[in-house]
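Participant: Can you look at this prediction? I've put the sequence above it.
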Amino acid sequence: MRLRPRLADLALVWAWALLVVGNERSVGILWIPSILLVTLAVALLVGVVAVTNLDGLAPPPRLLVTVAAITVSLLTLGHPVYSYAAPDDLRRLTHFVCLYAVVAAVLWLLSSGRVQRGGVALAAIGALVAVVAVIALVPEPRIDVWYFLSQAVDVTLHAHDMYGHGWVNSPGIAQGYTYLPMTDVAVTGGKELGGDVRWAMVAALVLSGVLMTLAARRQASKGAVLLYAVTPGLIALVEQSWTEPLLLLWLVAALFCVDRGHLGWAVVFLAVACATKQHALLLLPVFAMWRPFGLRRTAAAAAGAVVLCMPWLIADLSAFWHDTVSYFLHLPPRADAPTLFTAAVEAGWTPPRVIVGIVVLGGIGLAAWKAHGPVGTGAMALCCAVALGVADLVNQQTFYNQWWLVGSLVLVGLAWSPASSGSGQHSRLTERAGGR
């Protein structure tokens with residue numbers, strides 16, 4: 001069975017929209033429809049990837065992009081994204097986000113190429129203004145991530161180990177560093193140059209958008225870039241200091257380098273991704289099966305990640321293991337996680353880990369199967385979205401930032417499919433497929 005490209009585009013855009021709507025309503029409170037929305041989104045994503053020739057995807061129609069952008073923006077007016085900003089500030093910021101998104105979407109619908117480019121530029125500039133504004137409006141967000149990221153930079157600059165360290169005034173995690181060490185390295189520049197670790201997330205969002213645009217060579221495919229810029233939850237993502245923008249940047253950079261033939265740099269960026277956040281490791285089997293990248297380069301990236309983590313492993317292996325692995329194994333289920341795991345708990349049944357593991361392996365297996373071969377980078381981005389999306393659906397701790405990453409990878413897939421980019425990508429990757 002093959003799904004027609006136009007239907008596949010429709011399903012993927014609405015999968016993104018369902019993720020955005022369900023995801024933003026779930027921050028801080030369990031809203032049961034959120035579980036239904038994100039489950040439907042993952043089902044659409046899995047279905048498309050399973051039965052579609054991913055290299056045959058065409059750019060989503062302009063009307064579809066416009067309707068999706070306006071829909072998610074207007075729904076935000078009735079339920080603003082979670083924020084520590086003062087109510088009046090949040091209301092004005094929400095109205096601004098909605099305004100630039102709607103205007104950009106309408107400009108995208110117009111036939112003139114120059115006007116369409118103006119719509120994408122407006123969306124990008126509006127998103128940048130919004131995330132900069134939220135940093136100014138909320139200089140000290142009351143979330144533990146911001147406290148331990150900020151203080152860990154100072155700890156590292158004084159040549160101490162952030163793992164097992166204690167954090168002053170943190171409203172949540174007061175002991176230990178729950179991310180892998182390249183997160184600390186990446187946010188150091190934001191703290192030292194801009195005075196706030198969140199500037200690193202802003203830079204990552206901008207650079208990811210630039211790479212998406214550079215590889216989306218046809219004008220029509222840049223509608224996915226517009227959707228990336230008008231995601232209302234970007235202000236929450238940056239305000240809360242959630243670090244998925246860093247992971248997206250490294251993954252997009254790795255795929256971009258494969259597309260341009262810089263396979264050595266692709267290995268480096270994948271290694272950095274795997275040394276940044278734990279769930280990047282789920283993607284290693286998918287990269288190993290992707291013929292243009294292959295097992296040898298994947299093994300090199302994994303070894304590189306270990307090397308990048310080595311100073312902290314040597315400093316205190318037990319603290320490193322506790323903070324980055326065993327801590328998560330003993331956490332109770334998150335009450336507001338919009339996942340099937342939460343739905344099961346609400347119904348009175350806690351799924352055993354063996355079942356969760358089987359589902360996660362199933363998602364990785366599907367992604368690896370579809371990635372096997374010289375498929376393009378857009379198809380590979382969609383395979384990564386499937387692997388992470390299925391894992392998120394049964395994870396007891398999945399939160400907004402993880403779902404945002406899945407949705408962003410869907411947009412990368414739409415922007416970078418060969419039919420969208422017109423890049424001759426498939427033939428180039430086929431030529432490189434022997435370098436496993």
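Facilitator: Okay, I see it.
Participant: Could you list the buried residues of stretch 157-172?
Facilitator: For stretch 157-172, a neighbour-count test (16 or more other CB atoms under 10 Å) marks 161-163, 165, 167, 170 as buried. No exception for glycine: its C-beta is placed from N, CA and C like everyone else's.
Participant: Pull the most distant pair out of those.
Facilitator: With distances taken as CB to CB, the most widely separated pair in the buried residues of stretch 157-172 is Asp161 and Ser170, at 17.5 Å.
Participant: ok, back up a step: restricted to helices, list the buried residues of stretch 157-172.
Facilitator: Among the buried residues of stretch 157-172, no member falls in helices (criterion: DSSP state H).
Participant: Serialize those to TSV and add fields for pLDDT and distance to Val42.
Facilitator: Listed next are those as TSV, based on pLDDT from 0 to 100; distance: CB to CB, whole Å:
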residue	pLDDT	distance to Val42
Asp161	96	38
Met162	97	34
Tyr163	97	33
His165	95	36
Trp167	97	34
Ser170	95	32
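Participant: Which one of these is nearest to Pro245?
Facilitator: Met162 (20.1 Å).
Participant: how much space between that closest one and Val67?
Facilitator: 45 Å (CB to CB, to the nearest Å).
Participant: hmm, back to that, just the buried residues of stretch 157-172 now: which is nearest Thr231?
Facilitator: For the buried residues of stretch 157-172, the nearest to Thr231 is Ser170 (27.8 Å; CB to CB).
Participant: Contacts only, for the closest one.
Facilitator: Neighbouring residues of Ser170 by CB atoms under 8 Å, 6 or more residues apart in numbering: 144, 147-148.
Participant: most surrounded residue in those residues?
Facilitator: Counting neighbours by other CB atoms under 10 Å, Phe148 leads the contacts of Ser170 with 28 neighbours.
Participant: wait, what's in contact with that one?
Facilitator: 162, 167, 170, 173, 177-178.
Participant: Where does it sit, in terms of helix or strand?
Facilitator: helix 144-157 (DSSP states H and E).
Participant: measure Val132 to Trp404 for me?
Facilitator: In terms of CB to CB, Val132 sits 18 Å off from Trp404.
Participant: so after the helix or strand containing Lys370, what's the next helix or strand?
Facilitator: Secondary structure from DSSP H and E places Lys370 in helix 353-371. Using DSSP H and E, the helix or strand that follows helix 353-371 in sequence is helix 377-393.
Participant: Which residue, other than its chain neighbours, is closest to Ala127?
Facilitator: Ala229 (4.4 Å; CB to CB, 6 or more residues apart in numbering).
Participant: Ser241 contacts Arg198, doesn't it?
Facilitator: Yes: the pair Ser241 / Arg198 is scored as a contact, 5.5 Å apart, by CB atoms under 8 Å.
Participant: okay, and the common contacts of the two?
Facilitator: Joint contacts of Ser241 and Arg198 (CB under 8 Å, 6+ apart) are Trp146.
Participant: before we move on, back to that, tell me which residues of the helix or strand following the helix holding Phe148 are tucked away?
Facilitator: Next along the chain after helix 144-157, taking DSSP H and E as the criterion, comes helix 181-194. Neighbour-count burial for helix 181-194, counted by 16+ other CB under 10 Å, picks out 181-188, 190-191.
Participant: Helix or strand: which one has Met201?
Facilitator: Per DSSP H and E: helix 198-215 holds Met201.
Participant: Might you calculate how far that helix sits from the centre of the chain?
Facilitator: 12 Å (CA atoms, centre = their mean, to the nearest Å).
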